[in-house]
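Peer 1: How does the following fold in three dimensions:
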Amino acid sequence: MKTWVIGLVLLLLLGYGFAQHKLKFVNEKPPIKTNQAQEVTTQMKELKVTEDQIFKGNLLLVNKDHPVPPSGEVSKAVNLLEHKELLNGFIVLDKTIQLSPDLVQKFSKMIGAAENDGVSQFLISSGYRDNKEQNKLYQQMGAKYALPAGYSEHNLGLSLDIGSTQAEMSRAPEGKWLKKNAWKFGFILRYPADKTAITGIQSEPWHFRYVGLPHSAIMQEKNFVLEEYLDFLKEKKTFSTIVDHQTYEITYYPVSKSTTIPVPANGHYQISGNNIDGVIVTVYS
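Peer 2: Numbers count the residues shown, from 1 in each chain. Next comes the predicted model:
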């Protein structure tokens with residue numbers, strides 16, 4: 001075979017190999033991370049938001065500086081022993097436990113996943129408390145372990161104390177499973193041991209709060225408590241993320257009297273106040 005023929009064959013083989021390598025590279029997708037930014041594009045409309053929206057939603061900050069607003073979840077709470085159809089996969093500590101049916105359903109979905117992992121001995125030791133009950137607890141426990149009436153998340157209706165029939169929650173399989181997995185279902189461990197200086201509350205491995213996705217995922221990834229997360233959003237203004245193949249764009253807007261904000265004209269979005277000075281709009285595709 002002539003030299004030029006051999007050279008042509010070699011060039012064709014090399015070209016084919018390069019093309020195959022390039023195609024493989026182009027088709028490979030980087031791993032999706034929960035903080036990977038991706039712009040959410042859709043047709044927008046203007047929505048009027050008034051100051052009362054600051055005090056509604058799943059992201060309300062309640063602590064010693066920010067009391068429960070009048071428009072909390074309290075009216076939706078029911079006595080669980082009087083609604084035994086809600087007792088699905090868990091027991092309650094006593095006959096006083098109250099929670100909203102919506103929160104119980106979210107909790108039941110979460111512990112259903114835990115049961116699939118062989119973790120199933122859950123109980124609820126506390127849910128919604130009215131001011132009278134909270135004040136009684138505050139008098140018994142003191143400021144180091146409880147908050148005065150009107151300043152506890154239990155007065156809000158989005159928190160619950162979860163226990164185990166096996167052991168104390170810091171050692172129980174139930175506590176360990178929740179610490180690792182609760183974020184997948186929109187719940188956060190509200191008072192972790194390493195955040196006492198920020199929350200002002202001692203470690204409570206049993207106290208979980210519902211904030212919803214994608215917020216729980218971001219807080220888990222960045223090791224934020226709610227105070228830190230709301231500060232983060234206020235500083236960033238807009239933050240995009242992908243969680244479980246769902247794209248989210250989260251934007252903080254300050255609200256003074258009446259504010260107009262852009263929201264999707266035909267898409268999906270949620271609005272929550274922060275109980276301080278503004279609202280967080282979460283747009284998802």
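Peer 1: use CA for all of it now, contacts and neighbours both
Peer 2: Will do.
Peer 1: Quickly list what residue 262 is bridged to.
Peer 2: residue 46 (DSSP bridges).
Peer 1: List phi and psi for the spatially most central residue of the chain.
Peer 2: The centroid of the chain falls nearest to residue 216 when counting by CA atoms, centre = their mean (2.5 Å). With angles defined as degrees, to the nearest 10, residue 216 sits at phi -60, psi -40.
Peer 1: so how far is stretch 224-244 from its chain's centroid?
Peer 2: Centroid separation between stretch 224-244 and its chain, computed with CA atoms, centre = their mean, to the nearest Å, is 11 Å.
Peer 1: Please spell out which residues along that stretch are buried.
Peer 2: 224-230, 233-234, 238-243 (16 or more other CA atoms under 10 Å).
Peer 1: and what of stretch 273-280?
Peer 2: For stretch 273-280, by 16+ other CA under 10 Å, it's 273, 274, 275, 276, 278, 279, 280.
Peer 1: Quick check: mean pLDDT of that stretch?
Peer 2: Average pLDDT, stretch 273-280: 97.
Peer 1: Which other helices and strands does the longest strand seen in the chain contact?
Peer 2: With secondary structure taken from DSSP state E, the chain has its longest strand at strand 246-254. Contact here means 3 or more CA pairs under 8 Å, 6 or more residues apart in numbering; DSSP states H and E; on that basis strand 246-254 packs against helix 226-236, strand 238-243, strand 278-284.
Peer 1: Tell me which of these lies nearest to residue 126.
Peer 2: helix 226-236 (20.4 Å; CA to CA).
Peer 1: now the angle from that closest one to strand 238-243?
Peer 2: 120 degrees (axes from the mean of the first three to the mean of the last three CA atoms, to 10 degrees).
Peer 1: Identify all contacting residues around helix 226-236.
Peer 2: Applying CA atoms under 8 Å, 6 or more residues apart in numbering, the external contacts of helix 226-236 come out as 61, 190, 198, 199, 219, 239, 250, 251, 252, 274.
Peer 1: tilt between that helix and strand 278-284?
Peer 2: Relative orientation of helix 226-236 and strand 278-284, computed by the same axes, to 10 degrees: 80 degrees.
Peer 1: Give me the angle between helix 226-236 and strand 246-254.
Peer 2: Angle, helix 226-236 to strand 246-254, by the same axes, to 10 degrees: 80 degrees.
Peer 1: I'd like the average pLDDT over helix 226-236.
Peer 2: 98.
Peer 1: still on that earlier bit, what's the closest of the contacts of helix 226-236 to residue 263?
Peer 2: After measuring these against residue 263 - CA to CA - the closest member comes out as residue 251, at 10.4 Å.
Peer 1: Does the closest one touch residue 282 like I think?
Peer 2: Yes. Using CA atoms under 8 Å, residue 251 is in contact with residue 282, at 6.6 Å.
Peer 1: Please compare the two by neighbour count and tell me which comes out ahead.
Peer 2: Neighbour count, other CA atoms under 10 Å: between residue 251 and residue 282, residue 282 has more, with 22 against 18.
Peer 1: which residues touch the closest residue to the more buried one other than its chain neighbours?
Peer 2: The shortest distance from residue 282 to any residue other than its chain neighbours is 4.5 Å, reached at residue 250 (CA to CA, 6 or more residues apart in numbering). The contact partners of residue 250, by CA under 8 Å, 6+ apart, come to 233, 238, 239, 240, 280, 281, 282, 283.
Peer 1: What's the separation between residue 250 and residue 80?
Peer 2: Per CA to CA, to the nearest Å, residue 250 is found 34 Å from residue 80.
Peer 1: what does residue 136 give?
Peer 2: 21 Å.
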